[in-house]
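Chemist: Sequence first, then the predicted structure:
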Amino acid sequence: GYFESWYGYGEEPDEDDMDDAVIDDSYAYLSGWRARSDQPVDFGRMGLEPGLELLPHGALDGEPPDEINFHASTGNAGATFDRAYLRAALVLWPKDNTIPIAIEGGPGAMAALLFRRAAQPSPEGLESLESLADRVLESFRSQRLHCMEWVAQYIAALTALNFTNVLREFWQEPLMEYYRGLWNEPLIASLKCFSARERLDLLNALLDRYACCLPLDCLALWTLAARRFSDELDALAEGLVPLVPVLAQSRQGYRDLSFDPTPFSPFKARTLSSTSETGYRTERTTQGPAMFTPGLLEEFTAVVLNRPCGQDLLDALVDNPEVFPLETLLYPAWQQALKKDAQSETTAALWRLCAAALLRRSEPPPAAPTDWADRTRIKDRSETGKVLVRFLRDPDARHFAYRAAQPLRSAMEGLIRNHCLDLDTRTEEKGRPYTLHLSKNRASYHKAIEVHRQDVQRMKHLITPPDRAPPGAVELAERCRLAVQR
């Protein structure tokens, strides 16, 4: 009736032909699990049949609700009242039912059970536990996993229980789609379950796939592997050779599909895809913070320094300042090495990296702009994007009034925000449609001036006292001295 009328296929019925209806729905579930020791247990959210599983029957009847929410009617839907009842419950089940209960709770509950059983001196029922581990593995293939905090426990449990076959499948399939740097330590510990040749193959396959989009996490993973398997450094270092050009062009947290031809599974919830009108497609991972710290960079430098392509690897870090930043990675790593041993080869190598990065960025001071043209590349071919580009490229235009409907103004503001443009915006709420005022500023230039000032101080630290420069770095030290004097 109504939908046919809405789309023009029939007449809207009279109110007398319609009846009011009240729909009641309720459900009960268990969550917020705690063990007898009052420690949290990840059994997830489980449905509860009040008439079958709750004792005594009708225990919640007539109870006052803890929360009441009212939602006004919208469209065809009437007003709704939500009542929530929060109660504590003592949950008991036969010990033999622990595994079925964990299966019902999902992969997090299964991983938690595996982890607890693995911590026991002599775990019982290894065959059942291995079957449970296989179920968790299957969940990677069949579910959209949004919460994956339990994966580190899962890897540690497989390692402790020595489930080599399950671990191998995890490395070869789910890990190639879901890898996160937060799992680096349990991943490296799990490699002990494999032969030297197999662990090298597994590690190299993972690095080859993710070095382009998670270079910091991958280098941290490799450094931890070099620390644990120090007798296999030559073979490990060979695996880094193909990564030299990749690291120089990589972008942390992104996968540029035009750069990396490896197919990326579209159904995995760990990526957010976007495609612009130019056809430029990227996938941004929703991962945690990168694990490659200044301390690990110092360790990485010490390991690769005297090995084939070692200097090329270090130069690739300087060539990619957006991923391997001077302020938070290279320079702090050199400072740490300087405190430990000012005369070591590692300290000298990090000094050269810092000097090269500083000179690349701040050897000449930033040039003052001569006009108001902004040549930032705008990756958008919509009419809004074209209007913005024309304004940005005009060397004389400093202000622009963009009068347009709200969606177009929002699109304009989104372009300005996403491209970090030097523009101030203000909406004038007069007339219809409103007007978005754009004004160019010198924010990037002033930021460059401040960065140059800080870099000059860093270069002073590199060359003071004069004997701080390592042997063979006279030219770099002289260039730093001249840059400081400018």
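Modeler: Right, received. Where do you want to start? Everything numeric here is computed off the predicted structure, so don't read it as measured data.
Chemist: Return stretch 110-127 as PDB; C-alpha atoms alone will do.
Modeler: What follows is stretch 110-127, C-alpha atoms only, in PDB (Å, rounded to 0.1, in the frame of the first residue of the first chain):
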ATOM      1  CA  MET A 110      38.500 -20.000  21.900                       C
ATOM      2  CA  ALA A 111      41.800 -18.300  21.900                       C
ATOM      3  CA  ALA A 112      41.500 -17.400  25.600                       C
ATOM      4  CA  LEU A 113      40.800 -21.000  26.400                       C
ATOM      5  CA  LEU A 114      43.800 -22.200  24.400                       C
ATOM      6  CA  PHE A 115      46.000 -19.700  26.100                       C
ATOM      7  CA  ARG A 116      44.900 -20.800  29.600                       C
ATOM      8  CA  ARG A 117      45.300 -24.500  28.700                       C
ATOM      9  CA  ALA A 118      48.700 -23.800  27.200                       C
ATOM     10  CA  ALA A 119      49.800 -22.200  30.500                       C
ATOM     11  CA  GLN A 120      49.200 -25.500  32.400                       C
ATOM     12  CA  PRO A 121      52.200 -27.700  33.200                       C
ATOM     13  CA  SER A 122      50.600 -30.700  31.300                       C
ATOM     14  CA  PRO A 123      47.600 -29.700  29.200                       C
ATOM     15  CA  GLU A 124      45.000 -32.400  28.800                       C
ATOM     16  CA  GLY A 125      43.100 -33.200  25.700                       C
ATOM     17  CA  LEU A 126      45.700 -32.000  23.200                       C
ATOM     18  CA  GLU A 127      43.700 -33.500  20.300                       C
END
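Chemist: you'd agree Arg197 is in a helix?
Modeler: Yes - counting by DSSP: H, G, I helix; E, B strand; the rest coil, Arg197 is found in a helix.
Chemist: for it, what are its contacts?
Modeler: Arg197 sits next to no residue when contact means CB atoms under 8 Å, 6 or more residues apart in numbering. Just so you know, the C-beta spots here come from the backbone N, C-alpha and C atoms, and that holds for glycine as well.
Chemist: Can you report how many residues neighbour Leu438?
Modeler: 22 (other CB atoms under 10 Å).
Chemist: Strand partners (parallel or antiparallel) of the strand or helix carrying it?
Modeler: If you go by DSSP states H and E, Leu438 is part of strand 435-440. Its sheet considered, strand 435-440 pairs with strand 399-403 (antiparallel), strand 423-428 (antiparallel) by DSSP bridges.
Chemist: From the rest of the structure, what touches that strand?
Modeler: Against strand 435-440 from outside (CB under 8 Å, 6+ apart): 372, 374, 391, 397-404, 409, 412-413, 416, 422-428.
Chemist: For stretch 382-390, what does the pLDDT average out to?
Modeler: The pLDDT scores in stretch 382-390 average 94.
Chemist: and what of stretch 292-310?
Modeler: Averaged across stretch 292-310, pLDDT comes to 93.
Chemist: buried residues in it?
Modeler: 292-294, 296-305, 307, 309-310 (16 or more other CB atoms under 10 Å).
Chemist: who wins for proximity to Asp341 among the strands paired with strand 435-440?
Modeler: strand 423-428 (48.7 Å; CB to CB).
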